[in-house]
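*Asks:* Need coordinates for the below:
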Amino acid sequence: MASEGPPGCVFCGVACERPDNYVPVDTTVLPTLAFANAENFRVLLDNAPLADGHVLVVPQRHIRSLGEAGEAEMEELERLIAWLSSGMRALSGHEPLLFEHGTADDASAAVAVDGSSCCLVHAHLHVVPSAVNVVADLEGMGARHLATVGRLSDLRAARGRDYLFVRVPADDGRIYDADGLPSQLMRRFAAGEKVTLWNWKDRLMLSDPVALAEDVARGARRLTDSLAATNGSGAAPAELVWPRPRGEAHDRSRAVVSRRMSRATARSR
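*Replies:* Numbering: from 1, shown residues only. Here you go, the predicted model:
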């Protein structure tokens, strides 16, 4: 269970696991955003995914960035990322893209309302089955490179400052100075040319809620199947909690949602 954090923290408690807290979706299509649980972390489905299987790895403990994580947390995080990466290699054919916008304190995160800094003050690492070269985009806009890191535990060197952490497939991680960089910059770069609604707020507001729920659920099923195929009977570092609707029951639930959407569309005309 996540630790108690400041009032209003999205990732403290279980509210962030409910998809209908964000948009009015039918929970027969997307019953939960919870994907897996570990001792120190939760894996959540991104509610506005940039690719099938896009997840967030969120510390159970309220910390502002992964740079504040302890040794045991970092060791578990390495195992979690290795596990997720094995499934994403099967899913996409390459290692996932990792990125995090770490913040130094609550005050620096608060400037997100003006369009800069990160959107949330609870650490969360994006794990995306994408091969977009975001490093080229970052350095092309003049982002200041601070360090190259081989292990996630090296992020602790960035503790106490606003930073961007990026690891593209088949490369070491890189830490950049995030001071003054706009909110959701990494989502914009990671989206590439395939995703036009890269801003998660716009995606939630402007997308058809049933279609969006189907996108998230499809990614969850694909990642779950890929993890099962690559890990076999081996011990996983996290407990999968994502429910996979199967067969006729799932088909019926999709049909019910489609009928509801058709009726709602007809009434709005």
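*Asks:* Tell me the span between the first and last residue of stretch 28-45.
*Replies:* 16 Å (C-alpha to C-alpha, to the nearest Å).
*Asks:* Of all the residues in that stretch, which ones are buried?
*Replies:* Buried residues in stretch 28-45, counted by 16 or more other C-beta atoms under 10 Å: 28-36, 38, 40-45. Where C-beta positions appear, they are placed from N, C-alpha and C, glycine not excepted.
*Asks:* What of stretch 212-227?
*Replies:* Within stretch 212-227, judged by 16+ other C-beta under 10 Å, the buried ones are 212-217, 219-224, 226-227.
*Asks:* I figured residue 50 hits residue 134, correct?
*Replies:* No: using C-beta atoms under 8 Å, residue 50 makes no contact with residue 134, being 11.0 Å away.
*Asks:* any residues in contact with both of the two?
*Replies:* Common contacts of residue 50 and residue 134 (C-beta atoms under 8 Å, 6 or more residues apart in numbering): residue 190.
*Asks:* First-to-last residue distance for stretch 169-180?
*Replies:* Length of stretch 169-180, first residue to last, C-alpha to C-alpha: 26 Å.
*Asks:* do you know how far the most centrally placed residue in the chain is from residue 229?
*Replies:* With distances taken as C-alpha atoms, centre = their mean, the residue of the chain nearest its centroid is residue 56 (2.7 Å). Separation of residue 56 from residue 229 (C-beta to C-beta, to the nearest Å) stands at 23 Å.
*Asks:* for the closest residue to residue 188 other than its chain neighbours, phi and psi?
*Replies:* In this structure, residue 188 finds its nearest non-sequential neighbour in residue 198, 4.9 Å apart by C-beta to C-beta, 6 or more residues apart in numbering. Here is the backbone geometry of residue 198 (degrees, to the nearest 10): phi -80, psi -20.
*Asks:* Let me see the contact set for the nearest residue to residue 33 once chain neighbours are set aside.
*Replies:* The shortest distance from residue 33 to any non-neighbouring residue, by C-beta to C-beta, 6+ apart, is to residue 45 (4.6 Å). Residue 45 makes contact with 33, 34, 35, 54, 55, 56, 216, 219, 220, 242, according to C-beta under 8 Å, 6+ apart.
*Asks:* hmm, 6 Å instead?
*Replies:* 33, 35, 55, 216, 220 (C-beta atoms under 6 Å, 6 or more residues apart in numbering).
*Asks:* Quick check: the third one touching residue 129?
*Replies:* No: taking C-beta atoms under 6 Å as the definition, residue 55 is not a contact partner of residue 129, at 9.5 Å.
*Asks:* Could you report the separation of residue 80 from residue 201?
*Replies:* For residue 80, the distance to residue 201 - C-beta to C-beta - is 27 Å.
*Asks:* for residue 223, same thing?
*Replies:* Taken as C-beta to C-beta, the span from residue 223 to residue 201 is 24 Å.
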